[in-house]
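Engineer: prediction below, plus the sequence it came from.
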Amino acid sequence: MRLAIATTTLQSCGGMERVVLKLAKRFDAHVYCLHYDPQKTFPEFKSLHVESGSKVPIRLLPIGKRMVTGVEAGFYFYTLKLKGYDLINPHTSPSEWVRKNNSPALWNCHSPNREVYDLYEWRMSRRDPITRAGYQAAISVFKSLAGQSVPKIEKIICNSKNTQAVIKKYLDWEAEVISPGIDPQKFSCRGYEKFFFYPSRFTHEKNHQFALEAFRIFSRRNPGWKLLLAGALMPEQEKYLKSLLLDAEKNVVVETNISEERLCDLYSRCYCTLFPPVNEDFGLVPLESLASSKPCIAIDQGGPRETVDDMADGFLVQTPQEMAARMEQLARHPETCEKMGKAGRKKVLEKFTWDVFLSKFEKAAKKVANCTDQ
């Protein structure tokens, strides 16, 4: 099957980039993206066919990274014409606009544009009036153009039931859930050191304040522990990170733009992980944590509800106070922490590997391509 993959950027080592990489390697696919930085994403992309549509860094766009979808990326995918492929596989929004001039399309929807849909009110409430007006205008254009492409898409698959519900609510599509996997062999357990770990890029919706408040409560009753925050940091988010650390406890450690090797090392040595993002679509952190035999204490919303089994391999919590209580419970009962971690790794090996994902994807892809050929 001749597969073409479309995605907005390849500029980090995040979950989306890993999904694209796995698919491109499995199907020897060609990847079309707007921004590609081989120094910042997985090095394996260098041996694959990647075509970049622009050399302009996102940070130089006047309305910033999030609304690149309404300017440069939108134009690129809306006008892109591809030939010689059995299937087009768009990923991050607005790469789905590639369906305007190409078919058939199987949209691997990691999330509908959150700026436009489920996080619209949350983000707008944090903007000044002038910025808000600019975003509202851009979003209006986005919805108009999306209406010319999305209805043509043959099939949508998504990463979780949570994303499935968002797609149904805002796009009125019945998407199929095919959750991504991880490489369990990359993760191991070297022990349970006295630090909690929250690995996630530094943006507002990752809700680091939640973890910091939970650790503040915990550490005042349990001295000698640390909280380690690690993740990708874009220049435009440096102010956000500084604001986080103004009132943080002295035993909070931050590492930015770490390597995959360092990430796996921290997973292997941490006591357990914290994961409190705002309505995360899916989230690989719980799976990577469990693959490292570490329980995950996650916020009770979004994707974690589908990857963390409460009381079995982690905890789902509503408030920082509840998170702190669960941290204390595990800290005082290391045997429970280890037992839950081992249960989590077993689950990942059974349900969340790349082989499982790729097998389900190939079945869906062939069905879409064959239906079109008939």
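Structural biologist: Looks like it came in fine.
Engineer: residues in contact with residue 181?
Structural biologist: Neighbouring residues of residue 181 by CB atoms under 8 Å, 6 or more residues apart in numbering: 287, 352, 353, 354, 355, 356, 357, 358. C-beta here means a position set from N, CA and C on the backbone, and glycine is covered the same way.
Engineer: cutoff 10 Å now
Structural biologist: Applying CB atoms under 10 Å, 6 or more residues apart in numbering to residue 181 gives the contacts 18-19, 22, 284, 287, 291, 348, 351-358, 360.
Engineer: how about the helices in this protein?
Structural biologist: 15-27, 72-79, 120-124, 129-146, 161-171, 208-221, 238-245, 260-269, 285-291, 304-307, 320-332, 334-351, 354-373 (DSSP state H).
Engineer: return the member of those helices having the minimum mean pLDDT.
Structural biologist: If you rank the helices of the chain by mean pLDDT, helix 120-124 sits at the bottom with a mean of 70.
Engineer: find the nearest non-adjacent residue to residue 366, please.
Structural biologist: Leaving out its chain neighbours, the residue that sits closest to residue 366 by CB to CB, 6 or more residues apart in numbering is residue 1, at 6.7 Å.
Engineer: that neighbour touches residue 23, doesn't it?
Structural biologist: No. Between residue 1 and residue 23 no contact is recorded; they are 11.1 Å apart, counting by CB atoms under 10 Å.
Engineer: between the two, which contacts overlap?
Structural biologist: Common neighbours of residue 1 and residue 23, using CB under 10 Å, 6+ apart, are 29, 362, 365.
Engineer: tally of neighbours for the first one?
Structural biologist: To tie it back to what came earlier, the one meant is residue 29. Around residue 29 sit 20 other residues, with neighbours defined as other CB atoms under 10 Å.
Engineer: distance-wise, check it relative to residue 86.
Structural biologist: The gap separating residue 29 from residue 86 is 10 Å, by CB to CB, to the nearest Å.
Engineer: domain map for the chain?
Structural biologist: Using automatic domain parsing, the domain parsing of the chain gives 3-181+354-373, 184-351.
Engineer: so what's residue 160 up against?
Structural biologist: Per CB under 10 Å, 6+ apart, neighbours of residue 160: 110-111, 166, 177-180, 280-283, 302-307.
Engineer: re earlier: neighbour count: residue 1 and residue 23, which is higher?
Structural biologist: Neighbours were counted for residue 1 and for residue 23 using other CB under 10 Å; residue 23 has more, 22 against 13.
Engineer: which residues are common contacts for residue 29 and residue 86?
Structural biologist: Taking CB under 10 Å, 6+ apart as the contact rule, residue 29 and residue 86 both touch 1, 2, 3, 4.
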